[in-house]
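[1] Got a predicted model here, sequence first, then my questions.
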Amino acid sequence: MPDSTLFQAVIVPHRSLSARHMRRLLIVICAMCGVSASAFVMLGAWPVGGFTGLELLLAAMLFRLNARAVRGSELVLLTQAGLRVLRTDPNGQKREIVLSPAWLHVVVEERAGRVPGLVLTARHTRVEIARSLGEDEKRDLANALAEALARLRSPVFDNPQLR
């Protein structure tokens with residue numbers, strides 16, 4: 001079995017709101033902004049209404065971009081042949097990176113004031129993975145991947161004659 005899977009991780013961005021709840025939140029924001037904008041318009045500050053409308057369009061567009069980003073994913077697959085990183089962007093386009101496990105190192109790069117980066121280095125290639133994960137999840141993934149690489153590099157053979 002030269003292509004048996006030794007390690008597999010599927011990474012998808014976490015979103016705390018479902019599409020239905022996001023719509024409800026946007027409706028509540030629109031209602032609250034509408035009430036405050038209408039109060040300003042009634043007081044004679046009519047430009048506030050226009051700016052509020054622009055603000056709501058911008059908020060709706062940002063909510064849509066956020067909801068669209070959840071369609072992206074990342075698959076990290078370690079086999080005897082190599083480590084494959086298969087990225088799918090929100091548009092559905094796939095990009096694959098293959099690294100040799102013989103030269104592969106898993107590095108957690110500390111960044112001051114930010115979530116650390118999880119970087120795979122192999123000779124002259126450097127690939128950052130799991131950008132959407134938090135600090136604890138990245139460290140767990142790094143430890144699990146490093147253990148899988150260690151098992152791959154130093155296999156345990158079971159010889160019944162030596163028992």
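    Structure's in. What do you need?
[2] Residue ranges of each domain in this structure, please.
    What automatic domain parsing lists as the domains of the chain is 5-14+73-153, 19-69.
[3] most tightly surrounded among those domains?
    By mean neighbour count, with neighbours taken as mean count of other Cβ atoms under 10 Å, domain 5-14+73-153 ranks first of the domains of the chain at a mean of 15. Glycine gets a C-beta too; all of them are placed from N, C-alpha and C.
[4] Point out where the chain drops to low pLDDT.
    For the chain, the stretches flagged by pLDDT under 70 are 1-2.
[5] Next, name the residue at the spatial heart of it.
    By Cα atoms, centre = their mean, the chain has its centre lying nearest to S132, at 2.7 Å.
[6] contacting residues for the residue lying closest to it once chain neighbours are set aside?
    Among residues not flanking S132 along the chain, P13 sits closest, at 4.1 Å (Cβ to Cβ, 6 or more residues apart in numbering). The contact partners of P13, taken as Cβ atoms under 8 Å, 6 or more residues apart in numbering, are A69, V70, G72, S132.
[7] To what extent is the third one buried, counted in neighbours?
    Per other Cβ atoms under 10 Å, the neighbour tally for G72 reads 18.
[8] how close does it get to S16?
    Separation of G72 from S16 (Cβ to Cβ, to the nearest Å) stands at 17 Å.
[9] Next: the second one.
    In this structure, V70 and S16 are 11 Å apart, going by Cβ to Cβ.
[10] these two touch, right, S132 and V10?
    No: the criterion here is Cβ atoms under 8 Å, and S132 misses it with V10 at 11.7 Å.
[11] okay, and the common contacts of those two?
    E74.
[12] need the strands for the chain, in chain order.
    For the chain, the strands defined by DSSP state E occupy 5-11, 73-79, 83-88, 94-99, 104-109, 117-122, 125-129.
[13] Among these, which comes closest to D158?
    Each of those has some distance to D158 by Cβ to Cβ; the shortest is strand 5-11, at 16.8 Å.
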